[in-house]
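Engineer: I'd like to go over a predicted model; first the sequence, then the structure.
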Amino acid sequence: MTVLVTGGNGLVGSHVISALKSAGETVRALVHPRSRDAVVALGAEPIEGDTRDPDAWRVAAAGARAIVHAAAIVAAKASHEEFFAVNVGGTGQAITAAREAGARLVHVSSVAVYGRTRALAAGAGVDENSPFGELQPHDFYAQSKRRAEEVLWEEVARGG
């Protein structure tokens with residue numbers, strides 16, 4: 001069966017595609033048209049679309065046994081609305097697509113969700129059980145990635 005990857009032209013997503021292909025997996029990637037060639041070069045089947053579009057997700061996730069959701073806006077110049085539409089809205093669409101396809105979902109997050117914590121300042125590591133620290137008011141990336149995690153935890157609490 002197929003593994004669907006989003007963000008396949010990015011740092012993490014491209015490595016995920018390469019690792020999956022090396023393991024003999026069939027890989028499909030939900031990509032913007034401008035990213036098509038990058039995922040084709042990695043050996044993934046490109047499905048052009050937008051992570052905010054439920055129809056694109058339905059097509060891309062059909063027959064997938066797993067979804068690795070690595071797509072996100074990371075550019076500091078994006079607006080609050082853009083960060084939340086893609087990073088939170090896209091994650092919500094990933095949850096729905098995984099549920100509808102009967103696929104497992106792996107979400108790629110960021111250490112930014114923890115904010116400025118004493119552990120990070122001291123050079124200690126963090127994990128998913130670490131407490132959240134305060135986020136900077138204009139760090140829309142961290143805010144949107146934290147909210148995406150909250151959406152995921154809400155889904156888990158509902159049994160998803």
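Structural biologist: Nice, I can see it.
Engineer: Tell me how many other residues crowd Ser79.
Structural biologist: Ser79: 10 surrounding residues under other C-beta atoms under 10 Å. No exception for glycine: its C-beta is placed from N, CA and C like everyone else's.
Engineer: Quickly note the distance from it to His138.
Structural biologist: Distance, Ser79 to His138, by C-beta to C-beta, to the nearest Å: 11 Å.
Engineer: can you check Thr2 too?
Structural biologist: Computed as C-beta to C-beta, the Thr2 to His138 distance reads 39 Å.
Engineer: Between those two, which has more neighbouring residues?
Structural biologist: Set Thr2 next to His138 and count neighbours by other C-beta under 10 Å: Thr2 wins out with 21 against 10.
Engineer: what stretches of this protein score poorly on pLDDT?
Structural biologist: Residues of the chain meeting the criterion pLDDT under 70: 117-123.
Engineer: in stretch 47-62, what counts as buried?
Structural biologist: Across stretch 47-62, burial judged by 16 or more other C-beta atoms under 10 Å covers Ile47, Gly49, Asp50, Thr51, Ala56, Trp57, Ala60, Ala61.
Engineer: Direction included, what does the host helix or strand of the first one pair against?
Structural biologist: In this case it means Ile47. Applying DSSP states H and E as the criterion places Ile47 in strand 45-48. Each strand paired with strand 45-48, and its direction, by DSSP bridges: strand 26-31 (parallel).
Engineer: Right, I'll leave it there.
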